[in-house]
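In: Sharing a sequence plus its predicted fold:
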Amino acid sequence: MDDSHDLASGTGGITYTRGMSPARDTEDQLRLLIASVTDYAILTLDERGYIASWNPGAERIKGYRAEEILGQHFSRFYPPEDVARGKPRWELEQAVRKGRFEDEGWRVRKDGTRFWANVVITALFGEDGLLRGFGKVTRDFTQRKEAEEQRELDRLREALRIRDEFLSVASHELKTPLTPLQLRLTSLQRTLENNPESLSGERLARDLDVANRQVRKLADLIEDLLDVSRLSVGKLLVEPEPVDLTALTREVLVRYGPQAAQAGCLIDVEAPGPIEGRWDRRRLDQAVTNLVTNAMKYGAGKPIHVRVGVDEGLAVLRVRDEGIGIAPEHQHRIFERFMRAVSERNYGGLGLGLFITQQIVEAHGGSIDVQSQPGQGAAFILRLPLAPPPRGN
Ligand code: ADP
């Protein structure tokens, strides 16, 4: 026969050497274990909640010595407001009903200070099925809680900082198109009042064109702001309809032709032919516009290469510029809300375009990626299934 036998059932698999009395020894060992644990307060309560046993961990965490606390009701560890609400009794009831009750909350030490406790109360039933009392294990999670609160505070501070920075950038951005718009309109009005016959149709057309462009910029900014506030409430919904991605891309390029010329960007397009899919036309237009206008902004004076095609069953749009590029450490962050990898002194922008573009693409079940070498330009690649996934996915 084996030298030892395993009492796996009921003792957690402790193996005993032959010759020892397993039952008595288990009790001794358990007592020794509980008596040596200082990280956990381990105590037992009678069936009404009066303290029946106390270990050094309980003394360390709660501050009472055994002789001070044995026989007292365990509700004295709870803040007065919890006692008034009947929480200690309710916890025992829960433990009886479910066998076990777990809670995290404030508890009170002997000196009146509070600590953040993780508490597990287990109902102890005898073999006859009658309630004998409760086992209670408490851990002091104050440090963990403080660290969590500090992290949360840091996160909130950072969010506030980003919001403040965003507000200052946003007001600056909204003002930028407004100033030339106001100047044009004031100057037109003056001419009309003082010298109307000098107002040529050509000048009027030019001024109106400038004014229109500034209004469009303002409208785009406001639309982005609205999108972001909508997106913070819920997911972007798309309304798919038949769209030709090639035609849509060409439309965007024609619309931004004058701006590209002004930025000194020659745009070449490579497109095999129509690419038909079911997409939200307005949203897709917005996504393509964001990529193209970014290429003009960050790649001014250099050519832009646009390619549309189908690859492995996905519609693919690639917009590549030869501009400033993006440092590797920023490449994954530029899709975040308000995230900008350039200084606001050098480039305007709210840091929302790519965030919204990514939301649009993902709402269609697609993806957006960036490839870039700093100083050598950036390529944004948009991949879209030919039809978006059904809503709710
Ligand atoms: P915005 O252009 O308004 O700052 P975006 O969300 O469109 O906001 O872009 C986020 C950031 O990504 C930009 O601030 C810029 O640092 C970087 N970025 C976007 N497109 C390009 C590009 N084509 N080349 C270089 N950097 C880019």
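Out: Ah, there it is.

In: Gly63: what's it in contact with?
Out: For Gly63, the contacting residues are 109-111, taking CB atoms under 8 Å, 6 or more residues apart in numbering as the criterion. From N, CA and C alone the C-beta is placed, and that goes for glycine too.

In: what's next to the helix or strand in which Thr249 is found, contact-wise?
Out: Secondary structure assigned from DSSP states H and E places Thr249 in helix 245-255. Helix 245-255 has contacts (CB under 8 Å, 6+ apart) with 260, 267, 269, 271-277, 279, 281, 284-285, 288-289, 292, 306, 308, 315, 317, 384.

In: ok so, going back, among the contacts of Gly63, which lie within helices?
Out: With helices defined by DSSP state H, no entry of the contacts of Gly63 lies inside them.

In: Among these, name the buried ones.
Out: Buried residues within the contacts of Gly63, counting neighbours by 16 or more other CB atoms under 10 Å: none.

In: Now tabulate the residues you listed in JSON lines and tack on pLDDT and distance to Glu127.
Out: Putting the contacts of Gly63 into JSON lines (pLDDT from 0 to 100; distance: CB to CB, whole Å) gives the following:
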{"residue": "Arg109", "pLDDT": "97", "distance to Glu127": "37"}
{"residue": "Lys110", "pLDDT": "97", "distance to Glu127": "36"}
{"residue": "Asp111", "pLDDT": "97", "distance to Glu127": "41"}
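
In: quick one, what contacts the residue of the chain at minimum distance from the ligand?
Out: When distances are taken as CB to the nearest ligand atom, the chain approaches the ligand most closely through Gly349, which lies 2.3 Å from it. Taking CB under 8 Å, 6+ apart as the definition of contact, the neighbours of Gly349 are 169, 173, 297, 340, 342.

In: sorry, back to before: could you flag which of the contacts of helix 245-255 are buried?
Out: Burial by neighbour count, 16+ other CB under 10 Å: within the contacts of helix 245-255 this picks out 260, 267, 271, 275, 277, 279, 281, 284-285, 288-289, 292, 306, 308, 315, 317, 384.

In: Out of those residues, name the ones that lie in strands.
Out: Per DSSP state E, strands hold the following members of these: 267, 277, 279, 306, 308, 315, 317, 384.

In: Which residue ranges of the stretch 151-300 of the chain form helices?
Out: Per DSSP state H, counting those that start in this stretch, the stretch 151-300 of the chain has helices spanning 201-231, 245-255, 257-263, 281-298. These are given in chain order.

In: out of the ones you listed, deepest packed?
Out: Between the helices of the stretch 151-300 of the chain, the one whose residues have the most neighbours on average, counting mean count of other CB atoms under 10 Å, is helix 281-298 (a mean of 22).

In: Packing partners of that helix?
Out: Judged by 3 or more CB pairs under 8 Å, 6 or more residues apart in numbering; DSSP states H and E, helix 281-298 is in contact with strand 241-244, helix 245-255, helix 257-263, strand 304-311, strand 314-321, helix 353-363, strand 377-385.

In: hmm, who's touching the last one?
Out: The set of residues external to strand 377-385 that reach it, using CB under 8 Å, 6+ apart, is 245, 277, 279, 287-288, 291, 294-295, 298-299, 302, 311, 313-326, 357, 361, 364-372.

In: Can you add pLDDT and give the contacts of Gly349 back as CSV?
Out: Conversion of the contacts of Gly349 to CSV gives the following (pLDDT from 0 to 100):
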residue, pLDDT
Val169, 79
Glu173, 82
Lys297, 95
Arg340, 80
Val342, 82
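
In: of those residues, list those near the ligand.
Out: Contacts with the ligand are made by 340, 342 out of those, judged by CB under 6 Å from any ligand atom.

In: Identify the farthest-apart pair in the contacts of Gly349.
Out: Taking CB to CB as the measure, the contacts of Gly349 span a maximum distance of 14.6 Å, between Val169 and Lys297.

In: So the chain: which segments form each domain?
Out: Using automatic domain parsing, the domains assigned to the chain come out as 37-140, 146-232, 235-385.

In: What score does Pro274 have for pLDDT?
Out: The predicted local confidence for Pro274 comes out at a pLDDT of 96.

In: Next up, the contacts around the closest residue to it other than its chain neighbours.
Out: Leaving aside its chain neighbours, Pro274 sits nearest to Asp244 (4.6 Å; criterion: CB to CB, 6 or more residues apart in numbering). For Asp244, the set of contacting residues under the criterion of CB under 8 Å, 6+ apart consists of 274-276.
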